[in-house]
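Participant: The following block contains a protein sequence and its predicted model.
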Amino acid sequence: MKKRYVDPFTPDLPIDSPSRFSGRVKEIDSVVDSLFQLANSKPKHTIITGDRGIGKSSVLVQVKNIAEGNLDLVTRLGIDPGENSYDFLCAWHDCATDQTPADLATGILKQLKTSLENVLGKIKFEINFAGFLTVSQKEDSTISSLSEVVDLFCSEIMKAEKEAKDKNKSGILLFFDELDRVKSGSGVATFFKLSAEKLSRDGAKHVSFFAAGITGAIQNLEEEHGSIYRTFKDVPLPRLKFSEVEQILEDGFQLASCTYENEVIEKIFKLCAGYPEPVHLLGSQILKSDLDNHLSIDDFELAKVEVVETLRRNKLISMLKKAGSGKYQKILEAMASHDNPNVPSAYISEKIGYKPNEYSTNMGSLIQRNIISSVDRGVYCFVDPLLKEYISRFGVISAKDENSSEIEA
Ligand SMILES: Nc1ncnc2c1ncn2[C@@H]1O[C@H](COP(=O)(O)OP(=O)(O)OP(=O)(O)O)[C@@H](O)[C@H]1O
Ligand SMILES: [Mg+2]
């Protein structure tokens, strides 16, 4: 029996430890610059965007670590922090579906109150939650009530900023993860724009927003309000390079005291197409499949089958269903038959027998539904690369399967 080990891979959690965070030098440099500007009274609101599972929350967690004074990652990546250290007061809110601007404002203020009271010791920091309640109970949730929310929010934030400065903090950072979950039309994009403008007008120079969200959904918010990208500096996250995936796997295998064949790393990289989440999933599974502390191609094949046929099966089937029927399935089938994860539209056209303009709306919908992602003009890939493997094994949902609740293996 293999000796029990602590699983070094975290497919379900953002990376917290700076030592386990791989790559992203350019993006970390960009977010550190936002911190540096803020520390020097030039607030730069920043949004991290990218596909589902690309690593947005992980970047946000690293920004929080750096902002609270942990420079390990910055040092390891050889990035100039600009300051000896940072000591920001941080508050974090995970957005949820159906949340309004008032929900976001009260959610983050609650967190800010806790962070601030930790610094203030016994002193309480009171927030006017009753004011928000009054506004949100009003009959019409129009722009006028939105500006009341903004006024209330900004005045509470400015009170907190003053307290933070009195305690020698560098300033305040407000993190909003999963911004893609809020509905377009909820007024959230306008809320950020108006709040950013008001804070700037009122001289709050030590407060800034750090948000994260899936590219497509953020573009939806942008279309509604045309203001997200004017309020926030966009830091898009690309897929990981081979060396970055290699580092995640090497570190993990070493922590679990396993040796490995180099080909295992190459195979996992190819299968995962630069997305870190399946890398963790396969890393975790290959350690389980292995029996002799040496990871071989056979172990990889076992892990791949287990992941695609069991662990991920339900999720992949529901993604296929979500994609839509008919032409949508044909497109996915064509994409799965390409050798490379990046599929040019010329190849899809040849396979399905339509010209690109005859299915461009379908491609747009598949992107909106988070099934595929646009890599470049006219080049696409699967957001979950394991879907390609699933389709290669089990095929897509054919017209005859559509009435049955499960597709047959
Ligand atoms: N730079 C990185 N180095 C190592 N692992 C990473 C890195 N970025 C992300 N991961 C891993 O990839 C997975 C997804 O990361 P994360 O949760 O940060 O992505 P996300 O974009 O926020 O996902 P979602 O769209 O579901 O919110 C996690 O398992 C995380 O541990
Ligand atoms: Mg996330």
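Facilitator: Yes, it's here. Ligands and ions are numbered 1, 2, ... in the order given.
Participant: Report how many residues lie close to the residue lying closest to E246 once chain neighbours are set aside.
Facilitator: Counting by C-beta to C-beta, 6 or more residues apart in numbering, I265 is the residue found nearest to E246 once chain neighbours are left out, at 5.4 Å. (Each C-beta comes from the backbone N, C-alpha and C, glycine too.) By the other C-beta atoms under 10 Å criterion, the neighbourhood of I265 contains 22 residues.
Participant: now the one 5 residues further on
Facilitator: Residues near K270, counting by other C-beta under 10 Å, number 15.
Participant: Name the nearest residue to it, sequence neighbours excluded.
Facilitator: In this structure, K270 finds its nearest non-sequential neighbour in P341, 7.7 Å apart by C-beta to C-beta, 6+ apart.
Participant: Check I248 too.
Facilitator: Spatial nearest neighbour of I248, excluding adjacent residues (C-beta to C-beta, 6+ apart): S22 at 4.8 Å.
Participant: Please see if stretch 39-57 touches ligand 1.
Facilitator: Yes. If you take C-beta under 6 Å from any ligand atom as the test, stretch 39-57 does meet ligand 1, through 50, 52-57.
Participant: Show me those that map onto strands.
Facilitator: Where the residues of stretch 39-57 next to ligand 1 overlap with strands, as defined by DSSP state E, the overlap consists of G50.
Participant: Now render the residues of stretch 39-57 next to ligand 1 as JSON lines, adding distance to S318, neighbour count and pLDDT.
Facilitator: Written out in JSON lines, the entries for the residues of stretch 39-57 next to ligand 1 read as follows (distance: C-beta to C-beta, whole Å; neighbours: other C-beta atoms under 10 Å; pLDDT from 0 to 100):
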{"residue": "G50", "distance to S318": "22", "neighbour count": "22", "pLDDT": "93"}
{"residue": "R52", "distance to S318": "14", "neighbour count": "17", "pLDDT": "90"}
{"residue": "G53", "distance to S318": "15", "neighbour count": "19", "pLDDT": "92"}
{"residue": "I54", "distance to S318": "20", "neighbour count": "24", "pLDDT": "95"}
{"residue": "G55", "distance to S318": "23", "neighbour count": "28", "pLDDT": "97"}
{"residue": "K56", "distance to S318": "22", "neighbour count": "27", "pLDDT": "97"}
{"residue": "S57", "distance to S318": "22", "neighbour count": "19", "pLDDT": "98"}
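Participant: between the residues of stretch 39-57 next to ligand 1, which is nearest ligand 2?
Facilitator: Distance to ligand 2 across these (C-beta to the ion) is lowest for S57, with 3.2 Å.
Participant: Give me the distance from the helix or strand harbouring V61 to the chain's centre.
Facilitator: In this structure, V61 sits in helix 56-67 according to DSSP states H and E. Its chain's C-alpha centre and that of helix 56-67 lie 11 Å apart, by C-alpha atoms, centre = their mean, to the nearest Å.
Participant: Then stretch 219-236?
Facilitator: Distance of stretch 219-236 from its chain centroid, counting by C-alpha atoms, centre = their mean, is 16 Å.
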